[in-house]
Structure formats: structure tokens, C-alpha cells
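[1] could you work out the structure for the sequence below:
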Amino acid sequence: MKNKKLTYILIPVALLVWGVILVKVFSGNSSSIPVLRSNIPVSAENMPKNQLVDTFSLHLAYADPFFGNRKPSIQPAKKIRKVATHTSHGDVHWPKLIYGGMIKKKGSTELLAFIQIDAKQHILKINDQIHGVRVLDITENEVKLNFKGETKSISK
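    Predicted coordinates for the structure are as follows:
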């Protein structure tokens, strides 16, 4: 008989707890939470000037987990510069050209150049022509191109 009394008391308490939980969940869309609205436009001039700039540098002089205690050699990144030399015969509008480098096929003397012409990557060899651009010479650091009778050297 004692267990029945306890059951009759605990069932309404459990229903009351679950009812409170459900009311809280489903009434979460009410406007009881204040919403802050401002008519001040946000711009760089309105931001505080005394904020510190977050600067850091990576020190990558740690031991290599694969090769033991050998420290990696940290080399400064090379600046990529594009230098063009022209031999102009007139006003020729060149496409946008970027020289990415060269490769050599194994067991061959043929050189291949990675050239980006108007945002499209091409692999070309000497005397290849694409979009009117002909490859005249390929070296490790530059490539000589001909376009409509005008010669141009593009560096990495």
C-alpha cells in the first residue's frame, strides 16, 4: 500500500516538471528578451582607435618527428616578380601572362613551361602556340614569348 501512495504522488510531480520544461521550450519565441536596435551606422570611424593589432610570428625551429633531431632550414620566401622586356613594333595588346616555371621530362632534353594565359594554365614546349602566343625559349627563370610579331620575356 505504501508503494501505491508514492506512485500517486510522483506521477503528478513528474507531469508538472515535464509541463514546466515544455512551456519553457515552446514559449521561447516570446518577446520577453529585449532586442537592442540602434540607428547609428557602423563604420571604421565609429570603432575605438585604441585596439591593439594582433601580430605574431611562427618559429618553426622544432625537431622533425620523422627524421630525428634535424632542424628544418627556414628560408625566406622568394618574392615573385614579373619583369617584361619588350621589343615593340606597334601597339599590341598582350593577354595576361604569368610564368610558373619549367620542367624537364625524364630521359629527354625537351623543356616544358607552365604558362598562365588569361587565367588558364597551359603546359607548352618551345615553338608551341596557343591563343596566338608562341614560345620561343624556356629557361629556369624566364620564358621568351612572341605575340603578333612582338617578343616579350616573362620572369618568374
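[2] going by C-alpha atoms from here, please, whenever you check contacts or count neighbours.
    Fine.
[3] any idea how far Val133 is from Met102?
    From Val133 across to Met102, the span is 17 Å (CA to CA, to the nearest Å).
[4] what's the answer for Phe66, then?
    Counting by CA to CA, the separation of Phe66 from Met102 is 30 Å.
[5] neighbour count for these two, which is higher?
    The residue with more neighbours, out of Phe66 and Met102, is Met102; 20 against 7, by other CA atoms under 10 Å.
[6] what strand or helix carries the more buried one?
    Here Met102, judged by DSSP states H and E, is contained in strand 97-104.
[7] tell me which other helices or strands that strand touches.
    strand 111-117, strand 142-147, strand 150-155 (3 or more CA pairs under 8 Å, 6 or more residues apart in numbering; DSSP states H and E).
[8] export those strands to TSV and tack on mean pLDDT and distance to Lys96?
    Below are the helices and strands packed on strand 97-104 laid out as TSV (pLDDT from 0 to 100; distance: least, CA to CA, whole Å):
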stretch	mean pLDDT	distance to Lys96
strand 111-117	89	6
strand 142-147	91	12
strand 150-155	89	11
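[9] make a markdown table out of these and add mean neighbour count and distance to Asp128.
    Shown next, in a markdown table, are these (neighbours: other CA atoms under 10 Å; distance: least, CA to CA, whole Å):
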| stretch | mean neighbour count | distance to Asp128 |
| --- | --- | --- |
| strand 111-117 | 18 | 10 |
| strand 142-147 | 20 | 10 |
| strand 150-155 | 19 | 15 |
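[10] adding distance to Leu60, write these out as a markdown table.
    Formatted as a markdown table, the helices and strands packed on strand 97-104 follow (distance: least, CA to CA, whole Å):
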| stretch | distance to Leu60 |
| --- | --- |
| strand 111-117 | 31 |
| strand 142-147 | 32 |
| strand 150-155 | 30 |
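[11] low pLDDT regions in the protein?
    For the chain, applying pLDDT under 70 flags the ranges 1, 28-36, 38-54, 56, 68-90.
[12] all the helices of it, residue numbers only.
    Remark: helices assigned in the chain by DSSP state H are 2-26.
[13] need the contact list for the residue lying closest to Lys104 once chain neighbours are set aside.
    The shortest distance from Lys104 to any non-neighbouring residue, by CA to CA, 6 or more residues apart in numbering, is to Leu111 (4.8 Å). When contacts are counted by CA atoms under 8 Å, 6 or more residues apart in numbering, Leu111 touches Met102, Ile103, Lys104, Lys105, Lys125, Ile126, Ile138.
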